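>>> I'll drop the sequence and a predicted model, then ask my questions.
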Amino acid sequence: MLRLAERRTGNTEDARDVLQSASLFLWSFMREKATLTDAELQKIFWRIFLNKLTDFGRRHSREGRLFAPESSGTPVTPASCETAEDHLIRQEEAWIFRLSWKQLPAADRSLLYERFENDRKPAEIAENLGTSDRNVYQRIFRAKNRFRKYYTEMAAAEANHGDDSPPRQTR
């Protein structure tokens with residue numbers, strides 16, 4: 001997914017932001033729908049990811065920035081591009097996401113949840129917390145960086161020691 005996002009956005013940082021946004025959206029969705037199977041969650045995550053990637057392209061085209069040239073082709077769907085290897089990679093990424101999310105302090109998780117899942121503006125969050133907008137912006141920035149750090153560390157550890165800690169198997 002990260003490679004696809006990098007091709008579509010044109011750089012790694014934007015690709016990570018799109019993937020992180022989709023992951024946070026999925027996490028909040030998982031809290032509401034706890035009875036979904038892993039296969040259903042993976043299908044939903046793929047759809048969320050493609051929607052976030054499309055939104056990124058639309059937002060940047062409105063700003064006058066062009067989407068990467070590869071994005072002008074036919075739409076990508078799970079059925080048209082997913083191989084068994086891609087399926088395992090998505091399963092591994094979901095597993096890494098869950099572990100990374102659990103490492104975040106509760107305050108960071110709550111702040112990110114309010115900002116990205118409930119789509120609340122930093123000003124609204126600041127009002128509820130009784131602090132300034134600037135403080136909320138800083139806390140969101142730091143929380144995103146902490147999550148990104150945990151996610152990258154977990155992904156690197158998985159890449160180096162993948163056989164030691166495989167993701168849970170679906171039934």
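That came through fine.

>>> so the residue of the chain positioned farthest from its centre versus E114, what's the distance?
Distance from the centre of the chain peaks at G130, with 28.4 Å (C-alpha atoms, centre = their mean). Computed with C-beta to C-beta, to the nearest Å, the distance linking G130 and E114 is 14 Å. The way it works is simple: take the backbone N, C-alpha and C, and place the C-beta from them, glycine included.

>>> try R142
The gap separating R142 from E114 is 15 Å, by C-beta to C-beta.

>>> okay, these two: which has more neighbours?
More neighbours surround E114 than the other of R142 and E114, with 20 against 12 (other C-beta atoms under 10 Å).

>>> report the contact partners of the more buried one.
E114 sits next to R120, I125 when contact means C-beta atoms under 8 Å, 6 or more residues apart in numbering.

>>> again, only using 10 Å
S28, R120, K121, P122, E124, I125, N128, L129, V136, I140 (C-beta atoms under 10 Å, 6 or more residues apart in numbering).

>>> got it, and A106?
With contacts taken as C-beta under 10 Å, 6+ apart, A106 has no neighbouring residues.

>>> tell me what the longest helix seen in the chain is packed against?
Among the segments of the chain that qualify as a helix by DSSP state H, the longest is helix 133-160. Packed against helix 133-160, as judged by 3 or more C-beta pairs under 10 Å, 6 or more residues apart in numbering; DSSP states H and E, are the following elements: helix 12-32, helix 84-103, helix 106-112, helix 122-129.

>>> just want the angle from the longest one to helix 84-103.
Which is helix 12-32. Orientation of helix 12-32 against helix 84-103 (axes from the mean of the first three to the mean of the last three C-alpha atoms, to 10 degrees) gives an angle of 70 degrees.

>>> what residues of helix 12-32 count as buried?
When burial is assessed from 16 or more other C-beta atoms under 10 Å, helix 12-32 yields the following buried residues: 14-27, 30.
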